[in-house]
Each structure stands twice: as structure tokens, then as C-alpha cells.
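Trainee: Would you be able to build a 3D model of this:
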Amino acid sequence: MGRGRVGRWRDQAVALGWLVLVWSLLWGNLTWANLVGGLLVGGAVLVFFPLPAVSFGGRLRPWALLVFVARFVVELVSASLHIARIAVQPGYRPRGAIVAVRLRVPTDLNLALTAEVVSLVPGTLILEVDRNSGTLYLHVLDTHGPADLDVARDRTLVVERRIVRAVGSSAELRHLDVTSSEKGTRP
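Mentor: Next up, the predicted model:
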């Protein structure tokens, strides 16, 4: 119990440090008054709006993390070029759609990481996260039919798979492999 308490205090101290840093960056200069103000505001945020503890039971796999980052950069550049083409194409009106994607590993950390990575890619936006069912609701830009919705869904599941391979636990990896083979798809 003592070790859990120390870990919780450490997490709170790290969160407070980030809040103070953001506070100082928002003010634009580093002064004693901004540091004290950041500590007061950050402390109030942590006391009055506590976040649930997110446990990390996985392990960091450097090679899988490198593959994840490389693929993310490629997707980021590709999506940016696609959105730029849409923006400058005269008379073109892209159609958007909303897609529900149920993740195969519905842990809080996996939901958060997958949602963040998917929303960082231009052309996709997370509208809602259903924590109970492990479902992400995405708005996808430039869809032409049901096939494009399937592509967006599959792309999100591939991102989830890469994240779990990079930082997931062995049990999450096994669960991911079992659910992929049951569905007959291996993204």
C-alpha cells in the first residue's frame, strides 16, 4: 500500500509540474509570480478536478515504438497532403461521415492513446469516447461511400494494434491476436 501511495504522489507531482509549465508558457515569461501562481492554480486543479488513476501494466517495446512513430509520421504527411489538395481544389466539396469504432483492447490508457493519435491525423476528429463499450466515434472527412467508412475503421484498428504492440501488456497482445483472428482480419 505504501508503494502505491508513493506512486500516486509521484504522479501528482509530475502532473503539477506540467501544469506549472503550461501556466508559465501561457503567460509568456518565467517569473517568480508566475511560478507561484502556476503552483496555486495547478494545485487547485488537482484537488478540485482529480483525474482517475490510469495504471500502466504494459511494457515499452522500443522496436515496435519506432515502427509506430515511423508509420505515424508517414500517415501524418500523407493525410496532410490529401487535406491540402482538398483545400486548394476549386469547386470540390468534401463529404464527411461519422464512424463508430469499437476497440479490441478497451482499457482507459488504450482508449486515450488511440483517440489522441487518430485525432492528430488531419481529416479525422474524435467526437466522443464511450468508455463503457470501448468505442470511439470519429468524424472522417472526404468519404465517398461505405468502403471509405470501412477504411477509416480499419485504419483506427491498425493504430490501436500498433499502440498495443509498442506499449501494451502481454495479455493485451494475446487479446488483440485472439480478437483479430476471430474476425478474420489481421490489420
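
Trainee: Where does pLDDT dip in the protein?
Mentor: Counting by pLDDT under 70, the chain shows low-confidence ranges at 1-7, 53-56, 179-187.

Trainee: now do 90
Mentor: Along the chain, the parts satisfying pLDDT under 90 run over 1-15, 18, 27-30, 49-60, 91-93, 106-110, 144-145, 168-187.

Trainee: and the residue positioned nearest the centre of it, which of the three is it?
Mentor: The chain has Glu116 as the residue nearest its centroid, 2.3 Å off, counting by C-alpha atoms, centre = their mean. Taking DSSP: H, G, I helix; E, B strand; the rest coil as the rule, one finds Glu116 in the helix state.

Trainee: separation between it and Leu35?
Mentor: Relative to Leu35, Glu116 is positioned 28 Å away (C-beta to C-beta, to the nearest Å). From N, CA and C alone the C-beta is placed, and that goes for glycine too.

Trainee: my guess is Val20 meets Gly38, correct?
Mentor: Yes - under the criterion of C-beta atoms under 8 Å, Val20 lies in contact with Gly38, with a separation of 3.7 Å.

Trainee: Show me how this structure divides into domains.
Mentor: Each structural domain of the chain that the record assigns through automatic domain parsing is listed here as a residue range: 2-48, 62-183.

Trainee: Could you identify which of those domains is most buried?
Mentor: Per-stretch averages of neighbours, counted by mean count of other C-beta atoms under 10 Å, single out domain 62-183 among those, with a mean of 16.

Trainee: which residues of this protein fall in helices?
Mentor: Counting by DSSP state H, the chain forms helices over residues 2-27, 32-48, 62-88, 108-120, 146-167, 170-183, given from the N-terminal end onward.

Trainee: Done for today, thanks.
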